[in-house]
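Chemist: Take a look and give me a structure for this.
(2 chains)
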Amino acid sequence: MRARNAVWWLVLLVATVFYAVPMLAMARFAFQRIPVIKLSWGNVFDKWTAAPLVDSLRNPDFHRAGLLSLGLAVATAALTVLLLVPTMTFAHLRSPRMRRFIELSSVLPFVVPAIALVIGFAAAFRDTAPIFVRSSFGMVPLLVITALPFTHRTIENGLSSLDLRTLADASRSLGAGWNRTIWTVIAPNIRGSIATASFLALTVVLGEFTIASLLLKNTLPLYLAYAQGQNPQGAFAVGLSLTALSAVFIALANRFGGTRPGSRQQR
Amino acid sequence: MSRNLVFSEVRKSFGRTVALDHFSVEVGEGELVTLLGPSGCGKSTALRVAAGFEVADGGDVRVGDESVLRKSASERNMGIVFQNYSLFPHLTVRENLEFGMRVRRIDSQVRRARVGELLDLVRLTGLEQRFPHQLSGGQQQRVALARALAVEPRVLLLDEPLSALDATVRLEVREEIRRIQRDSGIATLFVTHDQEEALAISDRVCVMSQGRVEQVGSPQAVYRYPNNPFVARFVGRVNDMAVTVVSTGVAVLQGGAAKFAVPPIGITSGEARLLLRPEDVRLTSPHRGATALGIVDSVHFGGATTSVDVELKEGGHMVRVTDATREMTCAVGEEVGVVFDTERALLTREA
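Modeler: As a prediction, this is how the structure comes out:
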């Protein structure tokens, strides 16, 4: 037992070092006003400054890219919820076969590389519906697909935990149509899953590079890649802050995901 | 406007499985009719077709003069209580009760007053701020009943509403349902597989098997005068014995010699089965006018009634005798005589 505990701690330690050391290196590079070649253990606590981050945040290009990414993230999360909740509810209630099909297609983004997706997407829509290629928000459907492996699983878990048929039947017998049933009966009971799925979608979009790059959209990751050449310290500062932000999102998702429906009073 | 519920010739299949086979039954205004049958007999399907959750393949379902089959579930205005707890978990008792009224855009003051009345009706006043998970199973089903009544439905459909409850609560809620149903005078279809429940609560019982109606009648009629062996075997307990009919109205137990009277209808000779209720068999002392002799196998004291299982010497049949009027003081292993009172017995060729 003790030996197993020791192994457990060792694995945790190695994993922590593996993740923390690069982060620390990144933080020192970004936030210490010391030339890289002079960084050493002796000056770990010297000359920390938030200036590179502040400067970057003041940059109008960053603003544009940041706002675009944020907009895309919110739009992706919203479209994900609007599409998945009704579709998956119907699949649960009406067609187990459709449920398996959705499950299978939700993991396709793991199999089909983003580059193939974008090329197909651009080729198909360039002539037929150019708005999808031209407009920045035209890539939202692609982002929804990219986030699908994470968002689908989360909502699936939420729906599986409910007696969906009884809830839907009860709601409809009381006179509610499908719309009201889905958004005022089912969705509130999986709000934890919906929140988690939304945060995961936000996180995926804030880190998505390939699609934006191929469609020539100036999102935050692209700006960071570009800024690395111009102002590496600033880019790293922003990158690190985004990582922290994503961690906050995931923590929030866990916080909401842990809330049981109907426990409003105890909170 | 009349508010009865009528199924006429309703058909419904799931793939090759026939769930409803020309199913016809009527629930009169103010009447409580129970659909009783083993699982898979189509009783819940009938309710779901009426509610609009399943689409019938043919036939018609009417409320009053109006066919409802073309309406969606949300337009049928039927109150439904489900087997599983169906209260919306994220809403309080009050919000659950108000749900249907909100859908109908009923004014908030009217809603508030109606919630008060409904909670009075199901005797749960004071619990309006509770969430479903803070209620017991019995309370949840009572709120579900109140919620179904909140929309002033044209008919009430109860889909095994008591089966998730434990025995004492079940009895309590059952009586509550009956009281409220009587008071409100609403046509009610009650689905159950529990024959005791069906006999106790119904105005009429509709016994079903394999999607068909086997018999419809008052609980007394269905129990006392079953139409066919299925009904006799399914509703209540029955002694099922192999007999040989020697002439019209006379039979002997297979493997035995003593003749006794059987209903003089239908079967005039040959092998048959005799279905006889336990209370239509009496114990006597051996050799005194007994139809057959046997050894007491076991005695079951059930409070108001006592049942005795007797293994007959002739043919080794096991016969159950139930008596409520006097105490049967026999011991296991004792030799006894049994007398068959076959006036209400059923004679059949079906195994």
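
Chemist: Give me the below-cutoff pLDDT ranges for the chain.
Modeler: Chain wasn't specified; assuming chain A. A:1, A:256-267 (pLDDT under 70).

Chemist: actually chain B
Modeler: In chain B, residues with pLDDT under 70: B:1-2, B:324-328, B:351.

Chemist: Show me what from the stretch 1-150 of chain B comes close to chain A.
Modeler: Contact residues, the stretch 1-150 of chain B versus chain A (C-beta under 8 Å from any C-beta of the partner chain): B:51-53, B:72-80, B:82, B:84-91, B:99-100, B:103-104, B:129, B:131-134, B:144, B:147-148, B:150. To be clear about C-beta, it is placed using only N, CA and C from the backbone, and glycine gets the same treatment.

Chemist: What residues of the strand or helix carrying A:Gly66 count as buried?
Modeler: Taking DSSP states H and E as the criterion, A:Gly66 maps to helix A:60-94. Buried residues in helix A:60-94, counted by 16 or more other C-beta atoms under 10 Å in any protein chain shown: A:62, A:65-66, A:68-69, A:72-73, A:75-77, A:79-81, A:84-86, A:88-93.

Chemist: Just give me how far that helix sits from the chain centre.
Modeler: Centroid separation between helix A:60-94 and its chain, computed with C-alpha atoms, centre = their mean, to the nearest Å, is 10 Å.

Chemist: is it fair to say B:Val321 lies in a strand?
Modeler: Yes - secondary structure of B:Val321 (DSSP: H, G, I helix; E, B strand; the rest coil): part of a strand.

Chemist: Could you give me the buried positions within the helix or strand hosting B:Leu283?
Modeler: Using DSSP H and E, B:Leu283 sits within strand B:281-284. By 16+ other C-beta under 10 Å, the buried positions in strand B:281-284 come out as B:Val281, B:Arg282, B:Leu283.

Chemist: List just the nearest of the residues you listed to B:Ala345.
Modeler: Distance to B:Ala345 across these (C-beta to C-beta) is lowest for B:Val281, with 9.8 Å.

Chemist: so which residue of chain B comes closest to chain A?
Modeler: The nearest approach of chain B to chain A comes at B:Gly100, 3.6 Å away (C-beta to the nearest C-beta).

Chemist: right, and that residue touches B:Ala150 too?
Modeler: Yes - at 5.2 Å, B:Gly100 counts as touching B:Ala150 under the criterion of C-beta atoms under 8 Å.

Chemist: which neighbours do those two share?
Modeler: A:Leu174 (C-beta atoms under 8 Å, 6 or more residues apart in numbering or on different chains).

Chemist: And the helices in the stretch 151-300 of chain B, which stretches?
Modeler: Ranges of helices in the stretch 151-300 of chain B, per DSSP state H, counting those that start in this stretch, are B:167-184, B:195-201, B:219-224, B:229-234.

Chemist: and the third one, what other elements does it pack with?
Modeler: By that I understand helix B:219-224. When contacts are defined as 3 or more C-beta pairs under 8 Å, 6 or more residues apart in numbering or on different chains; DSSP states H and E, helix B:219-224 packs onto helix B:195-201, strand B:204-209.

Chemist: again, 7 Å this time
Modeler: Other elements packing on helix B:219-224 under the criterion 3 or more C-beta pairs under 7 Å, 6 or more residues apart in numbering or on different chains; DSSP states H and E are strand B:204-209.

Chemist: which secondary structure elements does the strand it packs on contact?
Modeler: Against strand B:204-209 (3+ C-beta pairs under 7 Å, 6+ apart) you get strand B:32-36, strand B:212-217, helix B:219-224, helix B:229-234.

Chemist: Mean neighbour count, those: which tops it?
Modeler: Greatest average neighbour count among the helices and strands packed on strand B:204-209 goes to strand B:32-36 (a mean of 26), per mean count of other C-beta atoms under 10 Å in any protein chain shown.

Chemist: tilt between the helix or strand just after it and strand B:32-36?
Modeler: Next in sequence after strand B:32-36, counting helices and strands by DSSP H and E, comes helix B:43-51. On the basis of axes from the mean of the first three to the mean of the last three C-alpha atoms, to 10 degrees, helix B:43-51 is oriented at 140 degrees to strand B:32-36.

Chemist: so helix B:43-51 versus strand B:204-209, what angle?
Modeler: If you take the same axes, to 10 degrees, helix B:43-51 sits at 120 degrees to strand B:204-209.

Chemist: contact partners of helix B:43-51?
Modeler: The contact list for helix B:43-51, computed with C-beta atoms under 7 Å, 6 or more residues apart in numbering or on different chains, reads A:173, B:5, B:7, B:10, B:12, B:19-20, B:23, B:35, B:37, B:54, B:56, B:61, B:73, B:76, B:78, B:80, B:157, B:159, B:189, B:191, B:208.

Chemist: just stretch B:56-64 next, same as before
Modeler: With C-beta under 7 Å, 6+ apart, stretch B:56-64 has contacts from B:1-13, B:49-50, B:67-69, B:154-155.

Chemist: So among the residues you listed, which ones count as buried?
Modeler: B:3-7, B:10-12, B:49-50, B:68-69, B:154-155.

Chemist: What is the most widely separated pair among these?
Modeler: Longest span within those, C-beta to C-beta: B:Arg3 and B:Arg11, 24.7 Å.

Chemist: May I have the phi/psi pair for residue 42?
Modeler: Just so you know, I chose chain A. phi -70, psi -30 (degrees, to the nearest 10).

Chemist: Switch to chain B, please.
Modeler: The phi and psi torsions at B:Gly42 (degrees, to the nearest 10) take the values phi 100, psi 0.

Chemist: That one reaches B:Ser209, doesn't it?
Modeler: No - assessed by C-beta atoms under 7 Å, B:Gly42 is found out of contact with B:Ser209, at 8.4 Å.

Chemist: Thank you kindly, that will do.
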